[in-house]
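Asker: mind looking at a prediction? Sequence and model below.
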Amino acid sequence: MSKSELFPGFLGNTRVAQSLYNSVTAGTISHTLLFTGPQGSGKKTLARSLVQLLFCPELCGNCKNCTMLAKGIHPDLLLLAPEGDSVKLEQAKELKAFLASPPNTAPYKVAVLENCHLLTVEAGNSLLKILEEPPASSVCILTADSPDNVLPTLVSRNQVYNLGPLAASSLKKALTGRVPPERIDFLAAFSAGILGRALAAQADPEFWQQRKSLGQEIKGVLAARRDPLLTAEHWQPLPDRFLDLLEFWLRDMLMLQTVKGYTPINSDMLEELADCVSVCPEKRRLCCFRSAPQPGNASGLGVILVWSLTGCC
């Protein structure tokens, strides 16, 4: 079986996939696993594929275990996600009780707990014993955005697998046929190699309207026809999205004038980019790009916008 077929539907991270596949086929799978990576990196897909392999090593799709998994009614699988903004003590107790009983039809009892970094301290501490001394026929799969955000006592009891972003070429290939061709380059860059993030953006009509609006607003600010504070106020509820979109937009403006043959990330909005370039001298474009904050730093949005787009030169 080729690496691309180890876990159908799971892309990239071939070393992780190979390691897990080898441990399952050798019967040495750890009873406690922690999958980490940013939202959309494939943690849930990998967990689901691993459960399939644990319950049916042949991946036949026709046996009792495969049939019940496909219907979402397998008695040996428990899926838990945060309730509200945390994973609560009652959920931790449910997980422990589930794993403590023997499997019904599958070789293992498997519990999957998503976003374990949202465990309350009380709930996390209640899981320590069963993770330290798991039943022989059980597997507990935890997911989190980063091991740094998980209780250290939990991390130390798990085999940790970190999922990284896809290479740009792999992500573009995965997006082909799933998104309009003219959006592939932008989504591949904007998502930073995270397929789930790209697909979520593609499926959000509001996102595309906001992106179009930003280009129009930047042009208005640069041409001194729009008060930058109005744009700052408009984007205040979504500062991280604003900063991500702004960085790519300013980079394209600069690169179009300084790098011959450059293909902009916002290649589907060439006309809007050209309009912005036409009202912004090269000196200011360079200054704008240097002054623009990095994504994730959303403080003082109004000041940032005024400084970046009007008075930095």
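Answerer: Perfect, thanks for sending it.
Asker: now Thr231. Nearest residue, chain neighbours left out?
Answerer: Setting aside the residues directly before and after it, Thr231 is nearest to Glu217 in space (C-beta to C-beta, 6 or more residues apart in numbering), at 4.5 Å. In this view, the C-beta of every residue, glycine as well, is placed from N, C-alpha and C.
Asker: which strand or helix spans that neighbour?
Answerer: Using DSSP states H and E, Glu217 maps to helix 205-222.
Asker: run a quick neighbour tally on the residue nearest to Thr231.
Answerer: Per other C-beta atoms under 10 Å, the neighbour tally for Glu217 reads 19.
Asker: from Ala232, how far off is it?
Answerer: Distance, Glu217 to Ala232, by C-beta to C-beta, to the nearest Å: 10 Å.
Asker: got it, and Asp76?
Answerer: If you go by C-beta to C-beta, the gap between Asp76 and Ala232 works out to 53 Å.
Asker: so where is the stretch 1-150 of the chain shaky, pLDDT-wise?
Answerer: Along the stretch 1-150 of the chain, the model assigns pLDDT under 70 to residues 1-5.
Asker: where do the strands of it begin and end?
Answerer: Listed in chain order, the strands of the stretch 1-150 of the chain (DSSP state E, counting those that start in this stretch) span 32-36, 77-80, 109-113, 138-144.
Asker: and the first one, how far out from the chain's middle?
Answerer: This means strand 32-36. 16 Å (C-alpha atoms, centre = their mean, to the nearest Å).
Asker: then it to PDB, C-alphas only?
Answerer: C-alpha atoms of strand 32-36 as PDB (Å, rounded to 0.1, in the frame of the first residue of the first chain):
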ATOM      1  CA  THR A  32      -3.100   7.100  24.400                       C
ATOM      2  CA  LEU A  33      -2.500   9.400  21.400                       C
ATOM      3  CA  LEU A  34      -2.400  13.200  21.000                       C
ATOM      4  CA  PHE A  35      -2.800  14.700  17.600                       C
ATOM      5  CA  THR A  36      -1.800  18.400  17.400                       C
END
